[in-house]
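[1] sequence first, predicted model second:
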Amino acid sequence: MFKNRRWLWLALVIPIAIILYFFLVNKTTDSSISAKVRKGSFRDVVNNSGELQAENTVYISAPADLQSNQIYEEIKIQDMAAEGSHVKQGEYIATLDPAIVNKKIGDMQLALEKGNSTIVQTSLDTALTLRDARDQMANLQFQMEQKKLALDLSKYEPPATIRQAEIDLEKSQRDLVQMKENYKIKQQQAASKIYAANRDVEVLHTAIGKLEDLRNRFVIKAPTNGLLVYINDWASGGKKKSGSVVRSWDPRVAMLPDLSSMLSKVFINEVDISKIHKDQKVTMGLDAFPEVKMEGVVKTVANIGETRPGATAKVFEVNIKLNKVDSILKPGMTTSNNILINEIPNKLIIPLEAVFAEGKTSFVYLKKGNGIDKQEVKLGKSNDEEVIVEKGLAEGDVVYLSLPEKEKDRKITMLK
């Protein structure tokens, strides 16, 4: 009976002891997340976020002849189709406020009425002036005939009287010749005034016609098929939409990107730009769809840096072309880009989170059997996620990614 109780007691205690042992061991050794040291190719990459855009884009603009029509003011966008609309060539995009053009047309129509009045008045003045000139020529012609008759009658008079008659006739003839020349000049002057008045009216007619044609083009249509995307308005800091304005020096209203070929525009800081070259491979993800992974290549690298808003250091524009375009991709989406600078084969690699430091000594928390060793390591190149271990670990070793609290005061095992 006693022996049976003893065996029963042992049967209960031993399993409990085993459970407690494994619980305590696991608690001291496996309370932190761990990772295995892997051997493989280390990818030296430059990481940066970017923004998707179409490689080729058709910009929809206000009429290009605003300045040639002396319109330099801002023009309000009265209405615009919804962003993201799929439009076909010739379909409605936007309407611009015609108030400025209407005012110019009104001013020119008043000037046109004045010009027409000037033509009428000039014609009347010319008719009166020329009629007076013709009357004067007729009077001079009559006077000349009288002087000629007086000369004929003076042949029996003394020589002095005859000479005076000859002088009067010569003077009358000169006055008539002079009057005829003046008449021709007055005709030319009148024709010139009427031509100038008509020319002014024609110029006004042409200008009004151009403005009316311009006003008709204030209803903007799609130049081609595509997806309507609003563009940034750098002056206001937002996007151009209903209520925004266009300017003669920047008449763009919206854009129709060609989504069959897309780029990710990235700005690389001046420290890393020397590593970036055309045709380097790139892996990228989408912030909106973390599960989507894409590939591309560096297409262009800017030679001149620029200062972006909110940044103090110079950055360089880099365009990355996607190898394949997916239907979920839209202009303006944010991408995370990993530009491959170099790939080093056959290296021991661990996550950066596994590396700790005391002073200038780098170390890891290395799993050793049921315990943990604080092992010094010699590190090589690193990227934003991983680092090469040159010495101190072996392939398959397990290192911890967070600090095991009970082990932080352990002495570091130094490399030999």
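    Yes, it's here.
[2] so how far is the top helix by length along the chain off the chain centroid?
    Longest helix of the chain, by residue count under DSSP state H: helix 159-216. On the basis of C-alpha atoms, centre = their mean, to the nearest Å, helix 159-216 sits 59 Å off its chain's mean C-alpha point.
[3] just checking, what packs against it?
    helix 99-153 (3 or more C-beta pairs under 8 Å, 6 or more residues apart in numbering; DSSP states H and E). Heads up, the C-betas are built off the backbone N, CA and C, glycines and all.
[4] quick one, the helix it packs on and helix 159-216 angle?
    170 degrees (axes from the mean of the first three to the mean of the last three C-alpha atoms, to 10 degrees).
[5] quick check: mean pLDDT of helix 99-153?
    For helix 99-153, the mean pLDDT works out to 87.
[6] do the same with stretch 191-198
    87.
[7] quick one: buried residues of that stretch?
    For stretch 191-198, a neighbour-count test (16 or more other C-beta atoms under 10 Å) marks Lys193, Ile194, Ala197 as buried.
[8] right, and the first one touches Thr126 too?
    Yes. With contact taken as C-beta atoms under 8 Å, Lys193 and Thr126 are classed as touching, separated by 6.9 Å.
[9] need the residues touching each of those two.
    Common neighbours of Lys193 and Thr126, using C-beta atoms under 8 Å, 6 or more residues apart in numbering, do not exist here.
[10] give the other helices and strands that the longest strand anywhere in the chain contacts.
    For the chain, the strand with the greatest residue count under DSSP state E is strand 38-61. When contacts are defined as 3+ C-beta pairs under 8 Å, 6+ apart, strand 38-61 sits against strand 252-269, strand 334-351, strand 378-382.
[11] related to what we said a few turns ago, what's the next secondary structure element after the longest helix of the chain?
    The first helix or strand that comes after helix 159-216 along the chain, using DSSP states H and E, is strand 219-221.
[12] and that next one, which strands flank it?
    Here strand 219-221 has these sheet partners by DSSP bridges: strand 92-96 (antiparallel).
[13] buried ones in the partner strand?
    Neighbour-count burial for strand 92-96 [16+ other C-beta under 10 Å]: Ile93, Ala94, Thr95, Leu96.
[14] just stretch 279-289 next, same as before
    Of all the residues in stretch 279-289, those buried under the rule 16+ other C-beta under 10 Å are Gln280, Lys281, Val282, Met284, Gly285, Leu286.
[15] ditto for stretch 365-380
    Those buried within stretch 365-380 under the rule 16+ other C-beta under 10 Å are Tyr365, Leu366, Lys367, Ile372, Asp373, Lys374, Gln375, Glu376, Val377, Leu379.
[16] and the contacts of it?
    Against stretch 365-380 from outside (C-beta under 8 Å, 6+ apart): 25, 28-29, 32, 34, 42, 347, 354-356, 361-364, 387-393, 397-400, 403-404, 407, 410-415.
[17] that older thread, mind listing what the longest strand of the chain pairs with, with the direction of each?
    By DSSP bridges, strand 38-61 pairs with strand 252-269 (antiparallel), strand 334-351 (antiparallel).
[18] any chance of those strands in JSON lines, plus mean neighbour count?
    As requested, the strands paired with strand 38-61 are exported to JSON lines (neighbours: other C-beta atoms under 10 Å):
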{"stretch": "strand 252-269", "mean neighbour count": "20"}
{"stretch": "strand 334-351", "mean neighbour count": "17"}
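[19] so which of those strands gets nearest Ala222?
    Of all the strands paired with strand 38-61, the one in closest proximity to Ala222, counting by C-beta to C-beta, is strand 252-269 (6.7 Å).
[20] quick check: next helix or strand after the closest one?
    Downstream of strand 252-269, the first helix or strand assigned by DSSP H and E is strand 281-286.
[21] got the angle for the next helix or strand after that next one vs strand 281-286?
    Downstream of strand 281-286, the first helix or strand assigned by DSSP H and E is strand 293-301. Here strand 293-301 runs at an angle of 120 degrees relative to strand 281-286 (the same axes, to 10 degrees).
[22] distance between the helix or strand just after strand 293-301 and the chain's centre?
    Downstream of strand 293-301, the first helix or strand assigned by DSSP H and E is strand 315-322. Averaged C-alpha coordinates place strand 315-322 at 16 Å from its chain's average position (C-alpha atoms, centre = their mean).
[23] quick one on the thing from earlier: include pLDDT when you put the buried residues of stretch 279-289 into CSV, please.
    Converted to CSV, the buried residues of stretch 279-289 look like this (pLDDT from 0 to 100):
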residue, pLDDT
Gln280, 94
Lys281, 94
Val282, 95
Met284, 93
Gly285, 93
Leu286, 93
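[24] okay, the helices and strands packed on strand 38-61 in CSV with mean pLDDT and distance to Gln67 next?
    Shown next, in CSV, are the helices and strands packed on strand 38-61 (pLDDT from 0 to 100; distance: least, C-beta to C-beta, whole Å):
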stretch, mean pLDDT, distance to Gln67
strand 252-269, 92, 15
strand 334-351, 93, 37
strand 378-382, 92, 55
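[25] turn the ones you listed into a markdown table, columns for distance to Gln189.
    Listed next are these as a markdown table, based on distance: least, C-beta to C-beta, whole Å:
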| stretch | distance to Gln189 |
| --- | --- |
| strand 252-269 | 52 |
| strand 334-351 | 74 |
| strand 378-382 | 92 |
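[26] of all those, which one is nearest Glu55?
    Nearest of the helices and strands packed on strand 38-61 (C-beta to C-beta): strand 252-269, 4.1 Å.
[27] quick check: angle from the closest one to strand 315-322?
    Here strand 252-269 points in a direction 110 degrees away from that of strand 315-322 (the same axes, to 10 degrees).
[28] just the CA atoms of strand 252-269, as CSV, please.
    Only the C-alpha atoms of strand 252-269 are listed here, as CSV (Å, rounded to 0.1, in the frame of the first residue of the first chain):
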residue,chain,number,x,y,z
ARG,A,252,-1.6,74.1,-67.2
VAL,A,253,-5.0,72.9,-65.8
ALA,A,254,-4.6,69.1,-65.4
MET,A,255,-2.9,66.1,-67.0
LEU,A,256,-3.6,62.8,-68.7
PRO,A,257,-0.8,60.4,-67.8
ASP,A,258,0.0,57.4,-69.9
LEU,A,259,-0.3,54.6,-67.3
SER,A,260,1.3,52.0,-69.6
SER,A,261,4.8,53.1,-68.5
MET,A,262,5.5,54.5,-65.1
LEU,A,263,8.3,56.0,-63.1
SER,A,264,9.0,56.5,-59.4
LYS,A,265,10.5,59.9,-58.8
VAL,A,266,13.0,59.8,-55.9
PHE,A,267,15.2,62.5,-54.4
ILE,A,268,18.5,61.2,-53.1
ASN,A,269,20.6,63.1,-50.6
